[in-house]
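A.B. asks: structural data only, the sequence is not supplied:
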């Protein structure tokens, strides 16, 4: 596993509470990082660590268990073409390892389709980038641990350093290339696949013509089935060329993969080849 140190070009760090850091084990299930968290002093609950989602998300079942008041939050789009209803609520506290985050807005979202489709034993919610961006975050894929710290993390000698930015949807993104074509790629730890080409980018660069498999279901998001063409590509990221990557080019008519202006989503299928800070 290669060591990568990503350096934010713009970031905000809040004042730390004691302690200033913690180490949290995660389990990779269906290429998603699952951690155990305590919400309002209850739990633990099983949560996906998802840099592709900004908010903290809990299921309606968790909201009822915690006795939360849930208001209508309208609808939202994610992976998959269908809009979904979202509720809005509030948590007094979220404990992750030894760190506590207080006074959090949460979205209330039904994740049962994803849980059933992929066979998650438990799936209670999502910890999004609104929590992670407060911290320095180390992702050790070798030992399956997260290090969360308000202070600097030790960067091993020989680690490659690359800048990243935060887009308008508050998702981290980097410069990368697929089959020699450069673009802006989102870092999405909630995406189980290796690489997802967004529809506009795939059309503009004729990736659909290269497909080995056409218009099949390649996953399920909050918006339902994800339809894609499937091919193999060579991906250049973090200064490394990774060859013959199974890649899907979105065929969705709506949702983030259809409307995104970036080139692609980098999922855990690729990210797990690296240790990241």
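C.D. replies: Yep, that arrived. The shown structure was predicted, so the numbers you read here are calculated from the model rather than taken from an experiment.
A.B. asks: just the helices in this structure please.
C.D. replies: Along the chain, counting by DSSP state H, helices occupy 60-66, 112-118, 129-132, 199-204, 256-259, 268-271.
A.B. asks: nearest to residue 37, out of the ones you listed?
C.D. replies: Of all the helices of the chain, helix 129-132 sits nearest to residue 37, with 9.6 Å by C-beta to C-beta. C-beta here means a position set from N, CA and C on the backbone, and glycine is covered the same way.
A.B. asks: ok, and for that closest one, which residues are buried?
C.D. replies: 129, 131, 132 (16 or more other C-beta atoms under 10 Å).
A.B. asks: which one of those residues sits closest to residue 255?
C.D. replies: Set against residue 255, the nearest of the buried residues of helix 129-132 by C-beta to C-beta is residue 129 (18.6 Å).
A.B. asks: surely the closest one meets residue 51?
C.D. replies: Yes. With contact defined as C-beta atoms under 8 Å, residue 129 counts as touching residue 51 (5.0 Å).
A.B. asks: anything in contact with each of these two?
C.D. replies: Common contacts of residue 129 and residue 51 (C-beta atoms under 8 Å, 6 or more residues apart in numbering): 171, 172.
A.B. asks: correct me, but residue 177 touches residue 184?
C.D. replies: No. Using C-beta under 8 Å, residue 177 is not in contact with residue 184; the gap is 10.5 Å.
A.B. asks: show me the contacts for the residue nearest to residue 196 when sequence neighbours are not counted.
C.D. replies: The spatially closest residue to residue 196, leaving aside those adjacent along the chain, is residue 265, at 4.1 Å (C-beta to C-beta, 6 or more residues apart in numbering). Going by C-beta under 8 Å, 6+ apart, residue 265 touches 52, 185, 186, 188, 191, 193, 195, 196, 198, 257.
A.B. asks: nearest to residue 269, of the residues you listed?
C.D. replies: Ranking the contacts of residue 265 by separation from residue 269, with C-beta to C-beta as the measure, puts residue 193 on top at 5.2 Å.
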